[in-house]
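Student: next one to model:
(one chain, ligands or ions: 1)
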Amino acid sequence: MMNFDFTEEQELLRKTVRSFVDKEIMPYIKEWDENQHFETSILTRLAHLGLMGVCIPEQYGGSGMDYNSLAIVCEELERGDTAFRTAVSVHTGLNSMTLLQWGNEEQKQKYLVPQSKGQKVGAFGLTEPNAGSDVAAMQTKAIDAGDHYVLNGSKTWISLCDVADHFIVFAYTDKSKKHHGISAFIVERTWEGFSSKAIKGKLGIRAGNTGEIFFDNVKVPKENLLGEEGDGFKIAMSALDNGRFTVAAGACGTIMASLESSVKYCHERSTFGKEIGRHQLVQQMIAKMEAGLVQSRLLVYHAGCLKNQGKRNTRETSLAKWQACDYAYEAANDAVQIHGAYGFSNDYPVERYLRNAKAPVIYEGTREIHTVMQGEYVLGYRVDKPLSKMLPAWPFESVTEEAVN
Ligand SMILES: Cc1cc2nc3c(=O)[nH]c(=O)nc-3n(C[C@H](O)[C@H](O)[C@H](O)COP(=O)(O)OP(=O)(O)OC[C@H]3O[C@@H](n4cnc5c(N)ncnc54)[C@H](O)[C@@H]3O)c2cc1C
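Tutor: Predicted coordinates for the structure are as follows:
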């Protein structure tokens, strides 16, 4: 049965996040963006609202809402700025949901519970200087040393690199097995040999924290192996099914923000004796934004429905991420165009939307990777096999370790 209605709880959630963004982010974001400052107190305040684990079961410290509620949070947060949606994407989408899906009970109690409550922050370390789209080109290694592994290597372009307490890190335990030799580990910032360094001078998401993390003989206890040895590639890809979902939802927020600014400006600015909104070519740009928003939302919430039903959604999530991010980039670009020369200055927020909208077209699978994936699905070259562990279906009543196995 198809149902396009949001529940009362979801409507209330949207209102709450919108009002939070209007009060706590909008008035300050220009300054944070200019100063390349990540305002960590936003995460604490999101935690107080129960938004750092919105779709994590209550038994693991979360708010127990459905997966589309996470999409609502991301959509509304990105209307304020991409930096804070990115933070929720990596904390909840890439880290906490991965612990929920792949972690054992001890790992969930130790790491997922405090993350869901927002007492600890999670991040995700997959990309390396020479391994982005080509994950298997990674060089980070974890050597078995009895009761622990010794981790050496580095990751780059890691969101929340200086902020997160826990990282899910991917490393080779057996390089000869290629993809099947990659394993996933939970790594704590405080361990000896761990360090991080922010990247400055980014094109966009300047109010976000992104950078490098380094492992110099970091001792990782055996109990911090996530899944089995060799499961790392599968875990990374299934984590991306959730991260990409949040990125796609956030892209809808960029389109909303682009539309809001543009519609306002269309009514304020006049040329040739009429509001610019009366010119058909300007209407065309507004109409494209609206079409992009509605289509992206349908794709995102469809993927969320599949998650709620406990069904594999790699294909649908990839399509949503690809399309929504492309639409968002076009919407931000057109928003600058509608503002004319003023759009080219930071007197208006649209230049920030455009700079911010570029990163989501690159991260969590570039536009090209998603295009190729979709082509391969249609042609029958790519077929998803069932995973040994699925994200639990919503409602969560029966979430036990056995249920996700
Ligand atoms: C702001 C930001 C935050 C990020 N946060 C994180 C994070 O938290 N954790 C993390 O692990 N990573 C993170 N990343 C890294 C991101 O996921 C990678 O940048 C992305 O996967 C692309 O990898 P790459 O930059 O190495 O590009 P490459 O893989 O080197 O690609 C370069 C170009 O070649 C194209 N290309 C590559 N392979 C193919 C192919 N097979 N077919 C067609 N075209 C191809 C690409 O589309 C791209 O245009 C972040 C990146 C940014 C910008």
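Student: for the rest of this, base every contact and every neighbour count on C-alpha atoms.
Tutor: OK.
Student: what ranges in the stretch 301-405 of the chain fall below the confidence cut-off?
Tutor: Where the stretch 301-405 of the chain drops to pLDDT under 70, the residues are 398-405.
Student: around the ligand, which positions in it sit nearby?
Tutor: 359, 362-369 (CA under 6 Å from any ligand atom).
Student: let's see that with 8 Å instead.
Tutor: Residues of the stretch 301-405 of the chain lying close to the ligand (CA under 8 Å from any ligand atom) are 359-360, 362-369, 372.
Student: also the chain?
Tutor: Within the chain, the positions near the ligand by CA under 8 Å from any ligand atom are 86, 90, 123-134, 155-161, 202, 204-205, 208, 210, 359-360, 362-369, 372.
Student: point out where the chain drops to low pLDDT.
Tutor: In the chain (pLDDT under 70), the answer is 398-405.
Student: make it 90
Tutor: The chain contains residues with pLDDT under 90 at 1-3, 386, 397-405.
Student: can you list the domains in it?
Tutor: Domain assignment for the chain by the TED database gives 8-121, 124-232, 240-379.
Student: can those domains go into JSON lines with extra columns for mean neighbour count?
Tutor: Compiled in JSON lines, the domains of the chain are given as follows (neighbours: other CA atoms under 10 Å):
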{"stretch": "domain 8-121", "mean neighbour count": "21"}
{"stretch": "domain 124-232", "mean neighbour count": "20"}
{"stretch": "domain 240-379", "mean neighbour count": "21"}
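Student: residue 387 is nearest to which of those?
Tutor: Nearest to residue 387 among those is domain 240-379 (8.2 Å), distances taken as CA to CA.
Student: end-to-end on that closest one?
Tutor: 22 Å (CA to CA, to the nearest Å).
Student: what sits against residue 159?
Tutor: If you count contacts by CA atoms under 8 Å, 6 or more residues apart in numbering, residue 159 has them with 86-87, 90, 123-124, 208-211.
Student: check residue 166 too.
Tutor: Residue 166 neighbours (CA under 8 Å, 6+ apart): 111, 120-123, 186-189.
Student: re earlier: what about the domains of the chain, which gets the closest to residue 397?
Tutor: domain 8-121 (8.5 Å).
Student: show me the residues of the chain next to the ligand that map onto strands.
Tutor: Counting by DSSP state E, the part of the residues of the chain next to the ligand found in strands is 123-125, 155-159, 210.
Student: right, and the pair among the residues of the stretch 301-405 of the chain next to the ligand with maximum separation?
Tutor: Longest distance between any two of these is 18.9 Å, between 359 and 372; criterion CA to CA.
Student: got the buried residues for stretch 386-398?
Tutor: By 16 or more other CA atoms under 10 Å, the buried positions in stretch 386-398 come out as 389-394, 396.
Student: so which of these is the closest to the ligand?
Tutor: residue 391 (20.3 Å; CA to the nearest ligand atom).
Student: helix, strand or coil for the closest residue to that closest one other than its chain neighbours?
Tutor: In this structure, residue 391 finds its nearest non-sequential neighbour in residue 101, 4.8 Å apart by CA to CA, 6 or more residues apart in numbering. Following DSSP: H, G, I helix; E, B strand; the rest coil, residue 101 is assigned to helix.
Student: ok, residue 101 touching residue 388?
Tutor: No. Applying CA atoms under 8 Å as the test, residue 101 and residue 388 come out as separate, 9.9 Å apart.
Student: joint contacts of the two?
Tutor: Residues touching both residue 101 and residue 388 (CA under 8 Å, 6+ apart): none.
Student: and the next helix or strand past whichever strand or helix holds residue 291?
Tutor: Element membership of residue 291 [criterion: DSSP states H and E] is helix 280-308. Downstream of helix 280-308, the first helix or strand assigned by DSSP H and E is helix 314-338.
Student: now the angle from that following helix to helix 280-308?
Tutor: Taking axes from the mean of the first three to the mean of the last three CA atoms, to 10 degrees, one finds that helix 314-338 is oriented at 160 degrees with respect to helix 280-308.
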